[in-house]
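**Q** predicted model and sequence follow; I will ask about them next.
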Amino acid sequence: MAGDIYMEKNERPKLKLPKSRFEMTFDSITVIVFFLSIVSLVNSWIILPAEVPAHYNIEGEVDRWGSKWEILITPIVAALMWISMTVLEKYPHVYNYLNLRQDNVRVQYMNARLMLNVIKNIMVLFFAYISWNNIQVALKKSESLGGSFAFIFLGALFIPMIFFIIRSLKY
């Protein structure tokens, strides 16, 4: 049966799939939160000390301080990541799939794109939080990211990945 034959990369159709309401809403929320973190950075720039947090250890404690210009790295990386992953969302036919067939192309593309969207937005939200937290630590309003930050961050990334991979296998 044709539906049981796995598709090679060069055989994959290029489908125009509109973004779901969830994807558009999650993108919008992320852009707003990211913008607010930039506003916070701009508003705090003059009062930031010469040295700001540049790196945290696994416990969320600052283990390296750097120039206040280094605080710009986090939002720049977040913006570049969001833009590049948003572009990549438009090309689900180039992703790797375990069981892509003619009969499940549409649902697999949508699932994979949704996974990328969720991971993209989670990453940028965490980067926005780190940027805001760097300001708080630099201004001595906070001492660290918190001991559980690394585990929450990893869980927030891997739980959706596992969910979408299992979902892909079911399709």
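**A** Structure's in. What do you need?
**Q** would you mark the buried spots in the longest helix along the chain?
**A** Across the chain, the helix with the greatest residue count (assigned by DSSP state H) is helix 105-138. By 16 or more other CB atoms under 10 Å, the buried positions in helix 105-138 come out as 105, 108-138. Yep, even glycine has a C-beta here, placed from its N, CA and C like the rest.
**Q** tell me how far that helix lies from the chain's centre.
**A** Relative to its parent chain, helix 105-138 has a centroid offset of 2 Å by CA atoms, centre = their mean, to the nearest Å.
**Q** which SSE is immediately downstream of that helix?
**A** Per DSSP states H and E, the first helix or strand lying C-terminal to helix 105-138 is helix 149-170.
**Q** by contact count, what packs against that next one?
**A** Contact here means 3 or more CB pairs under 8 Å, 6 or more residues apart in numbering; DSSP states H and E; on that basis helix 149-170 packs against helix 105-138.
**Q** okay, now the closest residue to residue 113 other than its chain neighbours: neighbour count?
**A** Nearest residue to residue 113 in three dimensions, chain neighbours excluded: residue 92, at 4.8 Å (CB to CB, 6 or more residues apart in numbering). If you count neighbours by other CB atoms under 10 Å, residue 92 ends up with 23.
**Q** okay, residue 92 and residue 134: tell me how far apart.
**A** For residue 92, the distance to residue 134 equals 34 Å [CB to CB, to the nearest Å].
**Q** likewise for residue 107?
**A** Counting by CB to CB, the gap from residue 107 to residue 134 is 41 Å.
**Q** can you check residue 69 too?
**A** 12 Å.
**Q** go on, residue 167?
**A** For residue 167, the distance to residue 134 (CB to CB) stands at 35 Å.
**Q** count of residues packed around residue 154?
**A** 10.
**Q** any idea of the pLDDT on it?
**A** With respect to pLDDT, residue 154 has a value of 94.
**Q** done for today, thanks.
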